[in-house]
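A.B. asks: sequence first, then the predicted structure, then my questions.
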Amino acid sequence: QHCRAWYCQECGKCSAVCPITRWETRSYSSPRLLVEKAIDGQPEQIMQDPLFWSCLTCQRCSLLCPSDVYFSEFIQQARTLARGCEQTGECTHGAVIQNWSKMMTDPGMEQQRLDWITPELQLSDDSEVIYFSGCLPYYDAFFKHLDIEGVDIARAAVKILNHLGIAPQVMANERCCGHDQLWEGDMQTFQALAKLNLEHLSATGAKMIITTCPECALMLSREYPQRVADHGMAVYHLTQYVAQAVADGNLVLAAKNQNRVTYQDPCRLGRYLGIYDEPRMLLAALGLDLREMERVRSASLCCGTTGWTSCGQISKNIQIERLQEASRTGVSRMITACVKCQIHFRCAQQDPLLENKLNLQIQDLTTLIASHL
């Protein structure tokens, strides 16, 4: 009932905007048809539908639905039921990322996740502010071949906070936030990760959490309180916090030039958390000339895959489509605020068939801000 599936009017608007429906060639599939199968009581057909595990839960369809059917939530709950029937999606990267998250559910697990901290970064053991780095140290190691800004983003975040007079806490026992596990229906792993993080967060005595990952921001601000327990702390994505500091006059950024850039709205930051203006305000404060793509804000095209599941040719087509949109703006650099966007787009750029035709520079807004302090 929470998903409001019964309210579907079969108008087909969701089918018109679904990125997966556009490229799926095995059989026609759409959010509307999946909801119809659910209402008709066809659980086996739902689980066998090609959209079931490849759905990006990007919320593009949900925001457009005239009946407020929450399709992303419907998928999440249906996947949870499927897991109970031992049905899972096709893991990408050999399930390595899923496995390291499961390893983190061990309360006694000791990590070496703070090697990215360099001497010039100022930290504190009793600060009221926590910087939550998420899986950046792990992504940095695993996707090194893509030359992503993994721990560079974490260092830049602490550098920015230091510039604002904040020496944050960074937890050595921090776990994955559990985002991918929740949206892939693995509730057991999600809840175990969430409980450990809540335990460690509570022990810090902090009052605020700042993160550079939209998925961590979503989980910590909304999903933990709703599904597990409330930590009672304010949660900010770094772009929110820095934009407020700029608006209050507490931070002046060096506007070095008028270079043209475009901006990719991450799904979790935009459609889920409604953070559209703050990144754009920061780009303007940096003196950059923002050239918007054809689809922006709530209509933005997702980076092509989520949860490290069902990443294949359809995902690649979506990524290339988005890179082509960015290229048509005439810029040479795409800015985003989510490390997964950077990973997925840089992966697509490795396709030899592209012949470097979409070789845009892709940079995280955090490292960009840090270079303009």
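C.D. replies: Good, I have the coordinates.

A.B. asks: just the C-alpha atoms of stretch 261-275, please, in CSV.
C.D. replies: Output in CSV follows, covering the C-alpha atoms of stretch 261-275 (Å, rounded to 0.1, in the frame of the first residue of the first chain):
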residue,chain,number,x,y,z
VAL,A,261,31.3,23.3,-17.7
THR,A,262,28.2,21.1,-17.6
TYR,A,263,26.7,19.5,-14.5
GLN,A,264,25.3,16.0,-13.9
ASP,A,265,22.5,15.8,-11.3
PRO,A,266,23.0,12.6,-9.3
CYS,A,267,19.7,10.7,-8.8
ARG,A,268,20.0,10.5,-5.0
LEU,A,269,21.1,14.1,-4.6
GLY,A,270,18.5,15.5,-7.0
ARG,A,271,15.3,13.5,-7.3
TYR,A,272,15.6,11.9,-3.8
LEU,A,273,16.9,14.8,-1.7
GLY,A,274,15.8,17.7,-3.9
ILE,A,275,19.3,19.3,-3.9
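
A.B. asks: quick one: which helix or strand includes I209?
C.D. replies: Per DSSP states H and E, I209 falls inside strand 208-211.

A.B. asks: pLDDT (mean, whole number) over that strand?
C.D. replies: On average, the pLDDT along strand 208-211 is 98.

A.B. asks: buried stuff in it?
C.D. replies: Using 16 or more other CB atoms under 10 Å as the test for burial, strand 208-211 gives M208, I209, I210, T211. Every residue, glycine included, has its C-beta placed from N, CA and C.

A.B. asks: so which elements touch it?
C.D. replies: On a contact count with 3 or more CB pairs under 8 Å, 6 or more residues apart in numbering; DSSP states H and E, strand 208-211 meets strand 129-132, strand 234-237, helix 238-247.

A.B. asks: lowest-confidence helix or strand of this protein?
C.D. replies: In the chain, the helix or strand scored least confidently by mean pLDDT, DSSP states H and E is helix 43-48, which has a mean of 85.

A.B. asks: which element is S127 on?
C.D. replies: When secondary structure is defined by DSSP H and E, S127 falls outside every helix and strand.

A.B. asks: backbone torsions only: list them for it.
C.D. replies: Per-residue torsions, S127: phi -60, psi 150 (degrees, to the nearest 10).

A.B. asks: bridged to the spatially closest residue to it that is not a sequence neighbour, which residues?
C.D. replies: Closest residue to S127 apart from its sequence neighbours, by CB to CB, 6 or more residues apart in numbering: Q169 at 4.8 Å. For Q169, the beta-bridge partners under DSSP bridges are I130.

A.B. asks: and Q169, how far from T21?
C.D. replies: 44 Å (CB to CB, to the nearest Å).

A.B. asks: all strands of this structure, in order?
C.D. replies: Secondary structure of the chain (DSSP state E): strands at 129-132, 208-211, 234-237, 260-264, 289-290, 333-336, 361-364.

A.B. asks: need these in JSON lines with distance to K13, can you?
C.D. replies: Formatted as JSON lines, the strands of the chain follow (distance: least, CB to CB, whole Å):
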{"stretch": "strand 129-132", "distance to K13": "36"}
{"stretch": "strand 208-211", "distance to K13": "33"}
{"stretch": "strand 234-237", "distance to K13": "29"}
{"stretch": "strand 260-264", "distance to K13": "24"}
{"stretch": "strand 289-290", "distance to K13": "29"}
{"stretch": "strand 333-336", "distance to K13": "27"}
{"stretch": "strand 361-364", "distance to K13": "31"}
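
A.B. asks: which one of these lies nearest to W308?
C.D. replies: Smallest distance to W308 across the strands of the chain (CB to CB): 17.9 Å, for strand 333-336.

A.B. asks: list the pairing partners of the closest one within its sheet, with orientation.
C.D. replies: Its sheet considered, strand 333-336 pairs with strand 260-264 (parallel), strand 361-364 (parallel) by DSSP bridges.

A.B. asks: what pLDDT does the residue of the chain positioned farthest from its centre get?
C.D. replies: Of all residues in the chain, D40 has its C-alpha farthest from the mean position, at 33.0 Å, by CA atoms, centre = their mean. Listed pLDDT for D40 reads 86.

A.B. asks: ok so, going back, most tightly packed of the helices and strands packed on strand 208-211?
C.D. replies: strand 129-132 (a mean of 24; mean count of other CB atoms under 10 Å).

A.B. asks: give me the contact list for that strand.
C.D. replies: 154, 157-158, 161, 166, 168-171, 174, 177, 201, 204, 206-211, 213, 216, 220, 233 (CB atoms under 8 Å, 6 or more residues apart in numbering).

A.B. asks: try stretch 286-302
C.D. replies: Here stretch 286-302 makes contact (CB under 8 Å, 6+ apart) with 17, 19, 56, 58, 60, 63, 253-265, 267, 270-271, 276, 280, 283-284, 318, 321-322, 325-326, 328-331, 368-369, 372.

A.B. asks: roughly how far apart are the residue lying closest to E223 once chain neighbours are set aside and K159?
C.D. replies: In this structure, E223 finds its nearest non-sequential neighbour in L182, 6.3 Å apart by CB to CB, 6+ apart. As judged by CB to CB, L182 and K159 stand 31 Å apart.

A.B. asks: the more surrounded of these two?
C.D. replies: L182 (25 against 19; other CB atoms under 10 Å).

A.B. asks: what residues are up against that one?
C.D. replies: Q76, F190, M219, E223, R227 are the contacts of L182 under CB under 8 Å, 6+ apart.
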